[in-house]
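Asks: With the input below, show me the fold.
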Amino acid sequence: MGKLDEKKRMKRESLLVSAFSLFTSKGINDTSISDIVKHANMAKGTFYLYFKDKFDIRDKLIATKATQLFRKAAEGIYYEKEIYTLEDKVVYIADSVINQLDEDKMLLKFISKNLSWGVFRNVLVSGTEETGGYSFYDGYNALLKESGRTFRNPDLLLYMIIELISSTCYHVILQQEPVTLDELKPELYGTIRDMIHRQEITQMD
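Replies: Numbers count the residues shown, from 1 in each chain. Prediction:
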């Protein structure tokens, strides 16, 4: 990377960092582009060299943050020697993502409020600049293929798992209600395993 490209990368990164700080402290609706560039010590025109508007930078942030979560979770599988079944692998990824969000509650609030299925699918299906070319969707389909099993609707299965985790963990992590995270996990992971079994096409079908 040349000096010019590195300078551009650093400016873009500075805008992302500033936007994340303001979005998580003030909220997206109460944050303006002027706020972001002022926080980053840049001219307003610089913002538009990298992003269309504040919702574009929000989506880029979601792509970056979500990819970091899922990539770290997925890569961890290959360091574990006792994870064999598809169910075990999916639960391992889910547990890693949940633990990361439990450790970074600000990130949990940001992602839970802004990560819709449409945004998730767009940013993690295609390997964009924000994802570093990494596609969680490809990794997910690779896990299904490696299992040697067939499923009725893999996209629906992924959607249901993500929505289940998102909807059940938010209040539990932030408020410990109606149960603690340790109490939730066994029930949550049992439900995920049941969902996988339910979606599988067997010889009996």
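Asks: Could you pull out the buried residues of stretch 158-178?
Replies: The neighbour-count check on stretch 158-178 (16 or more other CB atoms under 10 Å) flags 158, 160-162, 165-166, 168-170, 172-173 as buried. Backbone N, C-alpha and C define where each C-beta goes, glycine included.
Asks: Of these, which belong to helices?
Replies: 158, 160-162, 165-166, 168-170, 172-173 (DSSP state H).
Asks: mind putting the buried residues of stretch 158-178 in JSON lines, distance to V91 and pLDDT included?
Replies: Shown next, in JSON lines, are these (distance: CB to CB, whole Å; pLDDT from 0 to 100):
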{"residue": "L158", "distance to V91": "14", "pLDDT": "90"}
{"residue": "M160", "distance to V91": "14", "pLDDT": "90"}
{"residue": "I161", "distance to V91": "10", "pLDDT": "90"}
{"residue": "I162", "distance to V91": "14", "pLDDT": "85"}
{"residue": "I165", "distance to V91": "11", "pLDDT": "88"}
{"residue": "S166", "distance to V91": "16", "pLDDT": "84"}
{"residue": "T168", "distance to V91": "14", "pLDDT": "90"}
{"residue": "C169", "distance to V91": "14", "pLDDT": "90"}
{"residue": "Y170", "distance to V91": "19", "pLDDT": "89"}
{"residue": "V172", "distance to V91": "17", "pLDDT": "94"}
{"residue": "I173", "distance to V91": "17", "pLDDT": "93"}
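Asks: which of those lies closest to L107?
Replies: Proximity of the buried residues of stretch 158-178 to L107 was ranked by CB to CB; the top entry is I173 with 10.8 Å.
Asks: dump the residue contacts of the residue lying closest to that closest one once chain neighbours are set aside.
Replies: Counting by CB to CB, 6 or more residues apart in numbering, I173 lies nearest to D102, which is 5.2 Å off, once chain neighbours are set aside. Neighbouring residues of D102 by CB atoms under 8 Å, 6 or more residues apart in numbering: 108, 173, 181.
Asks: repeat that for 10 Å
Replies: Contacts for D102 (CB atoms under 10 Å, 6 or more residues apart in numbering) come out as 108, 169, 172-174, 181.
Asks: Repeat that for T150.
Replies: So T150 contacts 144, 199-202, 205 (CB under 10 Å, 6+ apart).
Asks: so the residue nearest to I173 is in which element?
Replies: Counting by DSSP states H and E, the element that carries D102 is helix 86-103.
Asks: model confidence over that helix, on average?
Replies: On average, the pLDDT along helix 86-103 is 94.
Asks: Sweet, I'm off.
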